[in-house]
Structures are given as C-alpha cells and as structure tokens.
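Provide a 3D model corresponding to the input given below.
(one chain, ligands or ions: 3)
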Amino acid sequence: MPKDKYKLFNKPVLLVDQGNTRVKFAQFDCRIYAKSESYEPSIALIDYEQAAQSNAFAHVFLASVRKTDYPQWQSVKNNFKPKQISEVHSAEQKYGLVNAYREYGRLGVDRWLAMLGAYQKSLSACLVVDIGTALTIDVINKQGLHQGGYILPSVNWSVENFVSRTAKIEVKEINDIACELGQSTESCLFNGLYHSHISLIKNEFIKLKHADPTAQLWLTGGEKEFYQKLLAQQQIKVQLSETLIFEGLARYAYDKALNTPK
Ligand SMILES: Nc1ncnc2c1ncn2[C@@H]1O[C@H](COP(=O)(O)OP(=O)(O)O)[C@@H](O)[C@H]1O
Ligand SMILES: CC(C)(COP(=O)(O)O)[C@@H](O)C(=O)NCCC(=O)O
Ligand SMILES: [K+]
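Ligands and ions are numbered 1, 2, ... in the order given. All right, here's what the predicted structure looks like:
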C-alpha cells in the first residue's frame, strides 16, 4: 500500500438511495489519498442483508425522494447514531455542478446526484436519463450548468392508469415493443409511449451533441437496459450505469472525509 494512502473513516461508508419504488444500498470504501490527482470512487452495490449488518459501516449517506419511511431503511438506520447519518439534499451549486432550478431544493435529489455522478465521470456535456418510477431527463452543458429537464410518468405507470380509466382498453399479450406504428391495442399503447420517450431523449441528445460533440448520454434506473436497446435501434450509443446516484453520494462522503479533522 502506498505511504500516502489512508482511510479517514475506519470502516466503509454506507450509501442509501431511497426511490419511490424501492430502496437501494451501496458500500463505499472512502479512502483519501494525500497526493490525490483524480477522484475515482470505489463503489459496490450491496443488498439489504449486507446493509443491515450492525457495526459494518462508519457512517451513512442517504438520499431520499420520499419521506424516509421505507421499512428497510428504518431498520438499517437503527445501527447508526444520529451524528453518523448525513442526509443529502439538492443544492444550488456544488462540486462544479450548477442547479437550473430557481427553487433548487425542489429538484429531486436523485436527479441532482445522478447528474453529479455523470458529470464527474465525463466532464463533458451530459444527458442523464433515470428510468425508475418516473422517467427523468436532465441536460448539463460542458461547463457543468444544468440546463433543465423533463419528468414523465413511466410507461408501466401510464398504462396502468390508462387501463383503469378506459372501458375498451385491455392489455392482453404484449409482443415485441418497437418505435413504430402499432397494429393491436397493446402495441399502439406501448409503442406509442416508448416511442415518445425515445424520441424525446434522442432529440435532446442530438441538440446537445451539436453544442458539444463529446456529449455523453447516461442511462440509469431499473429499466435502463430496455431503453438502451430501443436507443441502439436508433443508432444512439449510451453509457449505462447502475451507480450514478451513488457516485454523486460518494462525492459528499469524500468531502466529509476531507474536511473532518482526524
Ligand atoms: N429487482 C427489482 N425490483 C424492483 N423493480 C425492478 C427490479 N429490477 C428492475 N425493476 C424495474 O425498475 C423499476 C424501479 O426502478 P428504480 O430505478 O429502482 O425506481 P425508483 O428509483 O423510482 O425506486 C420498477 O418499476 C421495475 O420496472
Ligand atoms: C421525479 C421523481 C418523482 C423521480 O423519482 P423516481 O422515479 O426516481 O423514484 C423525483 O425525482 C422527485 O420526486 N422529484 C421532485 C420534483 C422535481 O424533481 O422537480
Ligand atoms: K431513481
């Protein structure tokens, strides 16, 4: 081990991302390098059982888009003293990223952290798409200025609501979904919704590429692989990441480690 390497937290740090559908956990080995030139967090996704191990973590960093009411998070929380818990909120600007919202605290913290994760990794213009309970799209320019975004209900959520409010729409069998005209109720509905999402993403990405040819398109969230497939059919190449939100959270942990006297 190089001499200039030491850990500030004597144990790993736990990262928690509480979305609207589920809560996700990761472990971050928060090392500080005295002669740090670049910052490359080492993050591993872990499951609830690993997260719930008492005494396994020095500190926990939490990001939640709901009240922190998830039973899984509540039981993990009992392993920590209040001073070991840091809840992160969207900021006006931090770590080179500037929030486009005038009411900056209203931007979903998952969006804020996913942008921070993506921008740290690419240092170019980024389009960040999080496909979870909602579909969110956020645009950041090369200088780290968030340009704004979109929030759309997910396809499944839209279909469920639509079906429950219409008499003649029934979803039976779902065949191959594609960005093309449908020829059954199911394909008209699903193709229409997915196509609208894919066209919006594509359109924004093409605009961003005009401004910065090195712009990157990042996909995260539960349905990212499916969107990757649909975008590939449109000749759009994406960066997939399961850990964007955690990479944003890890930046906060790293900062706390740097600024806490040993
Ligand atoms: N293991 C899983 N558990 C729950 N949902 C999953 C899982 N794998 C994929 N999904 C899909 O991902 C979506 C949830 O994505 P996620 O990004 O976790 O959402 P959120 O951040 O809103 O909680 C679900 O609606 C489902 O379609
Ligand atoms: C848009 C969201 C519901 C997405 O949540 P998710 O799908 O990740 O659970 C969440 O980011 C949120 O509650 N945002 C607050 C409103 C805003 O971002 O303007
Ligand atoms: K999310």
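
okay, and the helix or strand of this protein with the least pLDDT?
strand 5-7 (a mean of 53; mean pLDDT, DSSP states H and E).

Direction included, what does the helix or strand following that one pair against?
Following strand 5-7 in sequence order, the next helix or strand is strand 13-18 (DSSP states H and E). Partners of strand 13-18 in the sheet, by DSSP bridges, are strand 23-28 (antiparallel), strand 59-64 (parallel).

Reformat those strands as a markdown table; add distance to residue 113 and mean pLDDT.
Where C-beta positions appear, they are placed from N, C-alpha and C, glycine not excepted. A markdown table is the format used below for the strands paired with strand 13-18 (distance: least, C-beta to C-beta, whole Å; pLDDT from 0 to 100):
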| stretch | distance to residue 113 | mean pLDDT |
| --- | --- | --- |
| strand 23-28 | 12 | 96 |
| strand 59-64 | 6 | 96 |
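
of all those strands, which lies closest to ligand 3?
strand 23-28 (8.3 Å; C-beta to the ion).

any residue of the closest one up close to ligand 2?
No - contact of strand 23-28 with ligand 2 is not found when judged by C-beta under 6 Å from any ligand atom; the minimum separation is 10.3 Å.

Then stretch 98-113?
Yes - using C-beta under 6 Å from any ligand atom, stretch 98-113 reaches ligand 2 at 106, 107, 108, 110, 111.

Which among those residues count as buried?
Buried members of those, scored by 16 or more other C-beta atoms under 10 Å, are 107, 108, 110, 111.

Relative to ligand 3, which of the residues you listed is nearest.
So of these, ranked by how close each gets to ligand 3 (C-beta to the ion), first place is residue 110, at 4.2 Å.

check contacts around the closest one.
Taking C-beta atoms under 8 Å, 6 or more residues apart in numbering as the criterion, residue 110 is in contact with 17, 19, 63, 65, 130, 132, 136, 245.

From these, list the ones also adjacent to ligand 1.
Counting by C-beta under 6 Å from any ligand atom, the members of these near ligand 1 are 19, 132.

From the contacts of residue 110, pick the one nearest residue 91.
residue 63 (12.0 Å; C-beta to C-beta).

So that closest one is in contact with residue 90, correct?
No - using C-beta atoms under 8 Å, residue 63 is not in contact with residue 90; the gap is 9.3 Å.

between the two, which one's more packed in?
residue 63 (27 against 21; other C-beta atoms under 10 Å).

what bridges to that one?
The partner residues for residue 63, given DSSP bridges, come to residue 17.

what residues are up against it?
16, 17, 18, 87, 88, 109, 110, 113, 245, 248, 249.

Closest one to ligand 2 out of the buried ones among the residues of stretch 98-113 next to ligand 2, please.
residue 108 (2.1 Å; C-beta to the nearest ligand atom).

what does the stretch 1-150 of the chain put close to ligand 1?
19, 20, 21, 22, 132, 133.

Roughly how far does whichever residue of the stretch 101-250 of the chain sits closest to ligand 3 sit from residue 99?
Going by C-beta to the ion, ligand 3 is nearest to residue 132 of the stretch 101-250 of the chain, at 3.8 Å. From residue 132 across to residue 99, the span is 20 Å (C-beta to C-beta, to the nearest Å).
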